[in-house]
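**Student:** Can you look at this prediction? I've put the sequence above it.
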Amino acid sequence: MPRALTARFTAITGFRLVTADPGRLAGFYEAIGFRRGSSVAIDPVEIALLGLSGGGTRLMLTLGQSRLELDRFDRPGAPYPAEATAADTIFQHLALVTSDAGAAWQRAMAAGATPISRDGPVVLPAASGGVTAAKFRDPDGHPLEFLQFAPGSNPAWRGEGMLGIDHSAIAVADPAASLSFYAARGLREGKRTLNQGPTQVSLDGLADVCVDVVPLDPPAMPPHLELLAYRTPGPPSDRDWRANDIAATRTVWRADQEALLRDPDGHFHQLVRG
């Protein structure tokens, strides 16, 4: 069996979003608090690893200690599917920590975001974490979330303004299969919650929401992963997507090899040396 299939995930080093226009999309992220870095050509070896041809460029962004990279490929893929919801298995959002979710929401909307949450930031019940949260999409359709923790409730995040990426949440069809996949690669299951009720309906922009949220913790964090297993709405339609599609967000892991893995629902995990 190839080593990549049993490689253990030790730490998330960043995330890679696909876009047709990195400069334009970087302007949006700068408006909500990211800093723009340099642009480089994507190595042809990596292009081949992704199962693609042609070339590409990568634009670096940072938010505190968190890293986000915008990838443009010479041979573009499909746009983000307009009908996909938060319960669709193609869904993967990045949760951005802020000290003021209301102000962050206003900046994002002014910069061209599309709301997912119906009423802006909501305060979740204590049983669902008690955080203030709001979900939205960037101008390309990538899902994002603002998180505001109660003061002192999360020692990993202190300070004012936009602070960093706390986690990435992915929708899954079969939580048992997903847990088996991630446990085999060294992630530990955290305290799961069952999120439902009016605030979750408002947050997800869906009717009759009931979702199991399962944190998965790597040895070093933040950030970490979360599984979103929706009991209702019903099971999403089957999808497949390629590495150059706008929806093909890649979670980047520190490893001793270069490899590309996909979890049971098709989400991309890229292993990099370092």
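**Tutor:** Now that the structure is in, tell me what you want to look at. Numbers count the residues shown, from 1 in each chain.
**Student:** can we go C-alpha only for contacts and neighbour counts from here?
**Tutor:** Fine.
**Student:** In the stretch 51-200 of the chain, where is pLDDT below threshold?
**Tutor:** 128-129 (pLDDT under 70).
**Student:** any idea how far G130 is from L261?
**Tutor:** Using Cα to Cα, to the nearest Å, L261 is found at 33 Å from G130.
**Student:** between these two, which one's more packed in?
**Tutor:** L261 (18 against 15; other Cα atoms under 10 Å).
**Student:** What distance do you get for the closest residue in space to that one that isn't next to it in sequence to C210?
**Tutor:** The spatial neighbour of L261 that comes closest, neighbours along the chain excluded (Cα to Cα, 6 or more residues apart in numbering), is H269 at 5.1 Å. Using Cα to Cα, we find H269 at a distance of 27 Å from C210.
**Student:** What's the local residue count around the residue nearest to L261?
**Tutor:** The number of residues near H269, taken as other Cα under 10 Å, comes to 20.
**Student:** and for the strand or helix carrying D212, what are the contacting residues?
**Tutor:** Using DSSP states H and E, the element containing D212 is strand 210-217. Around strand 210-217, the neighbours that count as contacts under Cα atoms under 8 Å, 6 or more residues apart in numbering are 182, 187-197, 224-233.
**Student:** before we move on, what about stretch 181-192?
**Tutor:** So stretch 181-192 is in contact with 6-10, 179, 212-219, 263-264, going by Cα under 8 Å, 6+ apart.
**Student:** Need the buried ones from the residues you listed selected in ChimeraX.
**Tutor:** The ChimeraX selection below is limited to those of the contacts of stretch 181-192 classed as buried (16 or more other Cα atoms under 10 Å):
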select :7,8,9,10,179,212,213,214,215,216,217,218,264
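**Student:** Specify which member of the contacts of stretch 181-192 is nearest to E46.
**Tutor:** When the contacts of stretch 181-192 are compared for distance to E46 (Cα to Cα), A7 wins out at 18.0 Å.
**Student:** tell me which element the nearest residue to the closest one once chain neighbours are set aside falls in.
**Tutor:** Using Cα to Cα, 6+ apart and skipping the chain neighbours, the partner closest in space to A7 is R185 (6.2 Å). Assigned by DSSP H and E, R185 belongs to neither a helix nor a strand.
**Student:** measure R185 to L261 for me?
**Tutor:** 11 Å.
**Student:** Likewise for V213?
**Tutor:** Taking Cα to Cα, one finds V213 at 22 Å from L261.
**Student:** Pull the distance from stretch 113-133 to the chain's centre.
**Tutor:** What separates the centre of stretch 113-133 from the centre of its chain is 16 Å, taken as Cα atoms, centre = their mean, to the nearest Å.
**Student:** no no, stretch 228-240
**Tutor:** So, by Cα atoms, centre = their mean, the centroid of stretch 228-240 is 17 Å from its chain's centroid.
**Student:** so where do the helices sit in the chain?
**Tutor:** Along the chain, counting by DSSP state H, helices occupy 3-6, 22-31, 44-49, 101-110, 175-183, 198-204.
**Student:** Next, the distance between the ends of stretch 107-126.
**Tutor:** 27 Å.
**Student:** Now it: buried residues?
**Tutor:** Neighbour-count burial for stretch 107-126 [16+ other Cα under 10 Å]: 107-109, 111, 113-118, 120-124.
**Student:** and the two most separated of those residues?
**Tutor:** Once Cα to Cα is applied, the buried residues of stretch 107-126 give A111 and L124 as the farthest pair, at 25.6 Å.
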